[in-house]
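Undergrad: Could you look at this predicted model? Sequence included:
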Amino acid sequence: MYKYDEYDQQMVDTRVAEFRDQVRRRLAGDLTEEQFRPLRLQNGLYLQLHAYMLRVAVPYGTLNSAQMKVLGDIADKYDRGYGHFTTRQNIQYNWIKLEDTPDILADLAKVEMHAIQTSGNCIRNISSDQFAGAAADELIDPRPYAELLRQWSSFHPEFLTLPRKFKIAVIASDTDRAAMRLHDIGIKMVKNANPENGGGEIGAQFYAGGGMGRTPMIGPMIREFVPLDQLITYSEACLRVYNRYGRRDNKYKARIKILVHELGRDEYVRQVEEEFRHLLTQGIEPPLAELERIKPYFADPAFETSLSDDLDLSDPDFRLWVERNTHAHKQSGYVIATVSLKPVGGIPGDASADQIRLMAQLAKDYSFDELRVTHAQNIVFPHVKKADLYTLWQKLDDAALSTANLDTVGDIIACPGLDYCSLANARSIPVAQKISQRFGSPEKQAEIGELKLKISGCINACGHHHAGHIGILGVDRKGVENYQLLLGGSEGADTSLGKITGPGFDEDGIVDAVEKATQVYLSKKQDGERFLDTYRRIGMDPFKEAIYG
Amino acid sequence: MKILTGNDLKTGAVIWWTGVGWSLDVDNAADVGEHGAAVIAREEGAQNVFAAYVIDGEKTAEGVRPAHIKDRIRALGPTVRPDLTRKASDPEAVNWVI
Amino acid sequence: MVDVQFRFRDDEAVNDSAVTVGAFTEQTNATAVRIEPGDDARDLIPFLERLRLIEVNFPAWTDGRGYSSARVLREAGFTGEIRAVGDVVIDMLSHLKRCGFDAFAPDKPLNPVDAQNAFDRWDNVYQATADGRRPIWALRHTA
């Protein structure tokens, strides 16, 4: 994985000093809260319901074990012994003191980590495929391009006070595991399909104007192919047009999706192309040598060859976990293993300091020192030798980290909701807990199969409810928590947005409604259909009938 | 009653105006009547609090209860982690939040 | 008229009073203009030759359109003074300078020590902009 050079290290160290100075000015009364707020947000420091919350960046979701260990240590030293992995592949701490924050950043900087631009109206942490560099189905590893963009977007002087936040995802496989088209800019690394331009070389396909929030939109493609030596210049053109014209009169209409929608895709593209032509004359593109410098950091680890692909599956619990929680690796003899942070009745995405440190150690012992955070709030060991898999599983099992429920109804994405978040209207976690208990038995989960359930505690959609096969949105109805049900969303290559079934429910009612929806699926499904496939085939009505009839 | 809440600048902790100072315990919250805005201006100016606001509350036999669920959760702590709330030893405490 | 607190130019101070973009494009003798956040800096490109001063107003420092305005003007070859006016705060200074601002007239004077620290903060930068600094990628690949 990427390793800082002296320049990268200097940048994060300087940022620590700058933030320390900002905190000093705030505590001395030189900055009011109103002035300080945008500054602390650009460093991932929020005020939430109970305290300050700090969001630490995990660029493109990749971590080494030393970094993971420090994340566990911070949870103990400065917080209350746990952290929460987020849908942006980051981690956040819920009980942070302002006066400790500069020291936390200094601890992070020692392991090449930071909280830069994890909030605020700027370019946020760049997300990617959690299986990058390991997946059997990827064209290339997307992370070198994400790293190039990370450096470009860090402290970009023109784009620190955009109309609204700006999220970029980079992927390189047809199976979209990063919800790419639901980002402000989605980038898919592709081979040039146009023989007139030579054809066959790698470049970037750009999508713009996707997003969730209160106005969910699937981003249209804005350019089929951007050559690698124009990647930064084209990105800069996209951002400049947005900075110039994005709405600033209404924060709910300020995201780029509204601009692309209001201008129309073609007019946005025309403006970007005009700006792009201009910027191509300005010499702002790093040389290809810079990409070549970055790439070797993401080279394959020293895989052994001619390993056996055999697995002893005689332990039934292990077998279930292998079936649910592992994916094919590009290297024979290896496998990708995902740790579900969704135990039955647990808090989605939370991990204790001890669990975090254990996963750090296991990555060192069994996964070439590497871990990934997924946007579904789970942790991945990307490169596990099949011969080690049973031992790894046993160690996870001892730490209550062996839940075998990946992509099933128990693997719920949930935002922190009203238990922690000052924007929330309703609690998300208790609903997730009740649903995972209702569907707790492995038999029930096996019967239902793949079902992505996502819960947001308000319309801002941090829990991705629009993109769930089943989505749940918490709302405030006259001071009482109420939950709406959505069906038919998806975030993969077949991205679609869920539709609301009808009137909302209370907490127990929404759990019953989810169960009824699964019953409709089970009674109507045809061979090989997932919940989503059946819904798409039969439509909303049979579900409505069962839920409200 | 009208009560006044905000956060401690250094720690971010949720605090409640007692009439003479700030407390971590909502039960110490005083009725500020019409004076909330004046107290906020003075106390924010002195950096004793930030993000302060006035809310409706009710004095019950068990203590002061904010009217809105959000402020009841602020007063207690996360309902899903009773061990981290201000009443960690009281398994029933979560019931007055909901 | 607010005072210029920081200026990074060797030429004589410009005291011409700035007119709006609308007035400027109709009034051929003005030598100073003020850009508001909603103005398109590209409208000034045909007239850069006769401009000595372009003020860019920040009614609120969190509205970042002025950064693009300054860069667009520098990219078009403007070498006169670009002055940030309005709600200019310490934490913006180095970023503004990177985008081509070379004079700063904040509504409220800034603490000079903190401001100097802010200007000096970043020894290196990741991006190429109009300020001519060599970005980190260029330093890495010096032949």
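TA: Done, it's in.

Undergrad: contacts and neighbour counts: CA atoms only from here.
TA: Will do.

Undergrad: quick one: contacts for residue C:56?
TA: When contacts are counted by CA atoms under 8 Å, 6 or more residues apart in numbering or on different chains, residue C:56 touches C:34-37, C:66, C:69-70, C:82-85.

Undergrad: Of the residues you listed, which belong to strands?
TA: Using DSSP state E, C:34-35, C:82-85 are the members of the contacts of residue C:56 that sit in strands.

Undergrad: what kind of secondary structure is the residue positioned nearest the centre of chain C in?
TA: The centre of chain C sits closest to residue C:101, judged by CA atoms, centre = their mean, with a distance of 2.4 Å. Under DSSP: H, G, I helix; E, B strand; the rest coil, the three-state class of residue C:101 is coil.

Undergrad: Likewise for residue C:17?
TA: Counting by three-state DSSP, the backbone at residue C:17 sits in coil.

Undergrad: My understanding was that it contacts residue C:32; is that so?
TA: Yes: counting by CA atoms under 8 Å, residue C:17 touches residue C:32, with 6.2 Å between them.

Undergrad: More neighbours: which of those two?
TA: residue C:32 (23 against 13; other CA atoms under 10 Å in any protein chain shown).

Undergrad: Mind listing the residues bridging to that one?
TA: Assessed by DSSP bridges, residue C:32 has beta-bridge partners residue C:53.

Undergrad: residues in contact with it?
TA: Per CA under 8 Å, 6+ apart, neighbours of residue C:32: C:16-19, C:51-55.

Undergrad: One more: residue A:495?
TA: Applying CA under 8 Å, 6+ apart, the residues near residue A:495 are A:179, A:181, A:218, A:467, A:489.

Undergrad: Quickly check the residues you listed for the two that are furthest apart.
TA: A:181 and A:489 (12.9 Å; CA to CA).

Undergrad: thinking again about what came up before, could I get the ones in strands among the contacts of residue C:56 as CSV with distance to chain B, neighbour count and pLDDT?
TA: Putting the ones in strands among the contacts of residue C:56 into CSV (distance: CA to the nearest CA, whole Å; neighbours: other CA atoms under 10 Å in any protein chain shown; pLDDT from 0 to 100) gives the following:
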residue, distance to chain B, neighbour count, pLDDT
C:34, 35, 23, 97
C:35, 34, 24, 97
C:82, 36, 28, 98
C:83, 32, 25, 98
C:84, 29, 29, 98
C:85, 27, 22, 98
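
Undergrad: where do the strands sit along chain B?
TA: Ranges of strands in chain B, per DSSP E, are B:2-7, B:14-17, B:22-23, B:50-60, B:63-66.

Undergrad: Among the ones you listed, which comes closest to chain A?
TA: strand B:14-17 (5.8 Å; CA to the nearest CA).

Undergrad: Up against chain B, what does the stretch 1-150 of chain A have?
TA: Counting by CA under 8 Å from any CA of the partner chain, the residues of the stretch 1-150 of chain A lying close to chain B are A:27, A:29, A:33, A:47, A:49-52, A:96-99.

Undergrad: for the closest residue in space to residue A:525 that isn't next to it in sequence, helix, strand, or coil?
TA: Excluding the flanking residues, the one nearest residue A:525 by CA to CA, 6 or more residues apart in numbering or on different chains is residue A:534, at 5.7 Å. Following three-state DSSP, residue A:534 is assigned to helix.

Undergrad: burial count for residue A:54?
TA: 29.

Undergrad: mind checking which helix or strand residue A:537 is in?
TA: helix A:531-538 (DSSP states H and E).

Undergrad: next one: residue A:336
TA: Using DSSP H and E, residue A:336 falls in strand A:334-339.

Undergrad: Name every strand pairing with the next helix or strand after that strand and say which way it goes.
TA: The helix or strand immediately downstream of strand A:334-339 is strand A:350-352, counting by DSSP H and E. Paired neighbours of strand A:350-352 in the sheet (DSSP bridges): strand A:82-85 (antiparallel).

Undergrad: Can you tell me how far the residue in chain C positioned nearest to chain B is from residue A:212?
TA: Here the residue of chain C nearest chain B is residue C:108; by CA to the nearest CA that distance is 18.7 Å. Remark: distance between residue C:108 and residue A:212 (CA to CA, to the nearest Å) = 39 Å.

Undergrad: Please identify which of these two sits among more neighbours.
TA: The residue with more neighbours, out of residue C:108 and residue A:212, is residue A:212; 22 against 13, by other CA under 10 Å.

Undergrad: for that one, what are its contacts?
TA: Residue A:212 makes contact with A:182, A:460-461, A:464, A:466, according to CA under 8 Å, 6+ apart.

Undergrad: which residue packs closest to the residue of the stretch 201-350 of chain A found nearest chain B, ignoring adjacent ones?
TA: Closest to chain B within the stretch 201-350 of chain A is residue A:347: 7.9 Å, counting by CA to the nearest CA. Distance criterion CA to CA, 6+ apart; nearest residue to residue A:347, sequence neighbours excluded, is residue A:429 at 6.1 Å.

Undergrad: wait, that neighbour sits on residue A:420?
TA: No: with contacts counted by CA under 8 Å, residue A:429 stays clear of residue A:420, the gap being 9.9 Å.

Undergrad: follow-up on the earlier one: contact partners for the residue nearest to residue A:525?
TA: A:521, A:524-526.

Undergrad: thought residue C:59 was touching residue C:89?
TA: No: counting by CA under 8 Å, residue C:59 stays clear of residue C:89, with 11.5 Å between them.

Undergrad: neighbour-wise, which of these two wins?
TA: More crowded of residue C:59 and residue C:89, by other CA under 10 Å: residue C:89, with 19 against 14.
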